[in-house]
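Q: Sequence and computational prediction follow.
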Amino acid sequence: MSKIYFIDVTNRDGVQTANLGLSKLEKTMINMYLNEMGVFQSEFGFPTTKHESLYLQANLELAERGILKPIRLGGWVRAVVADVERAFDLVPNIKHLNISISTSDQMLQGKFGGSKTQEDVIFMMVDAVEAARDHGAETIGVNAEDASRTGIDFLVRFGLAAREHGADRLRYCDTLGYDNAFTIYESTKILAESIGIPIELHCHGDLGMAVANSLAGAKGAIDGGQDAYINTTLNGIGERAGNADLIATTLALTKSKGFAKKYKLGKQIDLTKAWKVSKFASYAFRVPIPINQPGVGANAFAHSSGIHADGVLKDPENYELYSFDELGRGEPELVETGREICSGQYIGISGFSHIMGQMEVSFEDDKHAEEILELARYANVEAQKPLVEDELLFIAKYPRIAKKLLTMRPLEKPVLDIAVPTA
Ligand SMILES: [Zn+2]
């Protein structure tokens, strides 16, 4: 039977969210956490965006050194040959790409102003796929943006052309969150049956159905005989109303009626990391976790009404589908209520050595300590918030990689200041 995999897009869709962003170290930590959790692939950024080049290269280096392994790191590019070429120019060792183009009539009219036909869209996609193959891409997903508002016949033609030219998966993007569980099931089943390659589900929550649609879409792909790849983000952070949350989707796949035990994950997700990872994403994005968030919300295991409290004390299964320790909750959290030394951008050697000493990190000598401290200061400047323990440990362990993540090179050659005339 076909299986379900996860492609997390926090570092692409998540950071595209209005008013939100992540530092390059935070993005790297997310890739590390996704790898620890067993996520199949992280869409780790935009290889055509210059300020991401060193971050992407540094993460690929972590992959090559076996540190970010077995997770795959995939980039997102537009279906434009020049963009594919630029991606390999800026990030030569990138191996996995998703190539994206709009397919709906709405977008052909509204976005391209009617200048492109459906055939043009197919040609552009095919040319981009071939260019990616020529440059050595190992796997290619082809994204049909606004697939849910695209006629199914055209989607089938688009998908068949993608397959014929060597694409490995078709990403069905419910870009506006317009589908429901019934319509997406129908579409993905037809696509899986007619195209014969795995289907990716990219669902948004504008109508509150991102997780439900991801499940239904995956069921459609599997019933159509193909593997399904669900796109998720941490805490469901994504454009507008967000994407399918990784933890909620995992819970839904493994615990819900009719799915549990029937549909299989290609790679098991280690939910015991859920609590920690979700809290990190919340801290990094500066977005609180809603108290009613599945699994990781403050109230997810809180019972106060008499009947429920009595019932759950007699047997947790009376009112809970899963237990808090499955999600890595339950350890008492020690909150510093007295003196606190944080790692800020102006921290000195003594405060820094104190923090690192608490984590049992020792330095060879003062010079070594100074070097790591300097990197931690820069990382603080970029994140504009104190670093968490795992970030400090990462810097101490991989200082050269950290340096690469923190390096910005906006100018190729020095430019002269141009004086702005003042009145
Ligand atoms: Zn999206």
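A: Good, I have the coordinates.
Q: Now do stretch 129-140: distance from first to last residue.
A: One end of stretch 129-140 sits 7 Å from the other (C-alpha to C-alpha, to the nearest Å).
Q: Now it: buried residues?
A: Across stretch 129-140, burial judged by 16 or more other C-beta atoms under 10 Å covers 129, 131-133, 137, 139-140. The C-beta positions use only the backbone N, C-alpha and C, and glycine is treated the same way.
Q: next one: that stretch to chain centre, how far?
A: Here stretch 129-140 is found 22 Å from its chain centre; the criterion is C-alpha atoms, centre = their mean, to the nearest Å.
Q: dump the residue contacts of residue 268.
A: By C-beta atoms under 8 Å, 6 or more residues apart in numbering, residue 268 lies in contact with residue 38.
Q: Would you verify that it is located in a helix?
A: No. Counting by DSSP: H, G, I helix; E, B strand; the rest coil, residue 268 falls outside a helix, being coil.
Q: Quick one: list the elements packing against whichever strand or helix holds residue 307.
A: Using DSSP states H and E, residue 307 maps to helix 306-314. The criterion is 3 or more C-beta pairs under 8 Å, 6 or more residues apart in numbering; DSSP states H and E, and there are no helices or strands that helix 306-314 contacts.
Q: Find the nearest non-adjacent residue to residue 180, please.
A: In this structure, residue 180 finds its nearest non-sequential neighbour in residue 209, 5.9 Å apart by C-beta to C-beta, 6 or more residues apart in numbering.
Q: which residues touch the one you found?
A: 177, 179-181, 203.
Q: From those residues, pick the one nearest residue 5.
A: Residue 5 has its nearest neighbour among the contacts of residue 209 in residue 203, at 15.1 Å by C-beta to C-beta.
Q: which parts of the helix holding residue 307 are buried?
A: Buried, per 16+ other C-beta under 10 Å, within helix 306-314: 311-312.
Q: Can you give the contact residues for it?
A: So helix 306-314 is in contact with 303, 318-320, going by C-beta under 8 Å, 6+ apart.
Q: which residues in the stretch 51-200 of the chain form strands?
A: According to DSSP state E, counting those that start in this stretch, the stretch 51-200 of the chain carries its strands in the segments 72-78, 96-102, 139-145, 169-174, 199-203.
Q: helices or strands up against the last one?
A: For strand 199-203, the helices and strands in contact under the criterion 3+ C-beta pairs under 8 Å, 6+ apart are strand 139-145, strand 169-174, helix 181-195, helix 210-223, strand 228-232.
Q: Quick check: which of the ones you listed is buried the most?
A: strand 228-232 (a mean of 30; mean count of other C-beta atoms under 10 Å).
Q: So for that strand, mean pLDDT?
A: For strand 228-232, mean pLDDT rounds to 98.
Q: Alpha carbons only: can I get that strand in CSV?
A: Taking Å, rounded to 0.1, in the frame of the first residue of the first chain, the C-alpha atoms of strand 228-232 are listed here in CSV:
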residue,chain,number,x,y,z
ALA,A,228,1.1,11.2,-0.7
TYR,A,229,3.4,13.9,0.5
ILE,A,230,1.7,16.3,2.9
ASN,A,231,3.1,19.9,3.2
THR,A,232,3.0,21.2,6.8
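Q: Return the list of strands paired to it, each annotated with direction.
A: Its sheet considered, strand 228-232 pairs with strand 3-8 (parallel), strand 199-203 (parallel) by DSSP bridges.
Q: And the next helix or strand past it?
A: helix 246-255.
Q: For that following helix, which helices and strands make contact with it?
A: strand 3-8, helix 210-223, strand 228-232, helix 274-285.
Q: Now that helix: buried residues?
A: So, applying 16+ other C-beta under 10 Å, buried residues of helix 246-255: 246-254.
Q: Assign a three-state SS to the closest residue to residue 386 other than its chain neighbours, would you?
A: Among residues not flanking residue 386 along the chain, residue 342 sits closest, at 4.1 Å (C-beta to C-beta, 6+ apart). Under three-state DSSP, the three-state class of residue 342 is coil.
Q: about what we covered before: looking at the helix or strand just after the helix holding residue 307 now, give me its mean pLDDT.
A: Helices and strands here follow DSSP H and E; after helix 306-314, the next one along the chain is helix 349-358. For helix 349-358, the mean pLDDT works out to 84.
Q: ok, residues contacting helix 349-358?
A: By C-beta under 8 Å, 6+ apart, helix 349-358 touches 341-343, 362-363, 366, 369-370, 372-373, 376, 392, 396.
Q: Out of these, flag the one nearest to residue 144.
A: The closest of the contacts of helix 349-358, once distances to residue 144 are taken by C-beta to C-beta, is residue 392, at 42.2 Å.
Q: In contact with that closest one, which residues are there?
A: 343, 355-356, 359, 361, 376.
Q: how close does it get to residue 31?
A: 17 Å (C-beta to C-beta, to the nearest Å).
Q: How about residue 316?
A: Plainly put, residue 316 is 34 Å away from residue 31 if you go by C-beta to C-beta.
Q: quick one: which of these two has more around it?
A: Neighbours around residue 316 and residue 31, counted as other C-beta atoms under 10 Å, are more numerous at residue 31. The numbers are 24 against 15.
Q: What count of nearby residues applies to the closest residue to residue 61 other than its chain neighbours?
A: Among residues not flanking residue 61 along the chain, residue 401 sits closest, at 6.6 Å (C-beta to C-beta, 6+ apart). Neighbourhood size, residue 401 [other C-beta under 10 Å]: 20.
Q: Make sure residue 401 is actually in contact with residue 62.
A: Yes. Counting by C-beta atoms under 8 Å, a contact exists between residue 401 and residue 62, whose distance comes to 6.3 Å.
Q: which stretches of the stretch 151-300 of the chain have low pLDDT?
A: Along the stretch 151-300 of the chain, no part satisfies pLDDT under 70.
Q: let's go with 90 and repeat that
A: 260-261 (pLDDT under 90).
Q: For the nearest residue to residue 246 once chain neighbours are set aside, list the residues it contacts.
A: In space, and not counting its chain neighbours, residue 246 is closest to residue 232: 3.9 Å by C-beta to C-beta, 6+ apart. Shown in contact with residue 232 (C-beta under 8 Å, 6+ apart): 6-10, 39, 214, 243-246, 249.
Q: Run through the bridge partners of the residue nearest to residue 121 when sequence neighbours are not counted.
A: Closest residue to residue 121 apart from its sequence neighbours, by C-beta to C-beta, 6+ apart: residue 101 at 5.7 Å. Judged by DSSP bridges, the bridge partners of residue 101 are residue 144.
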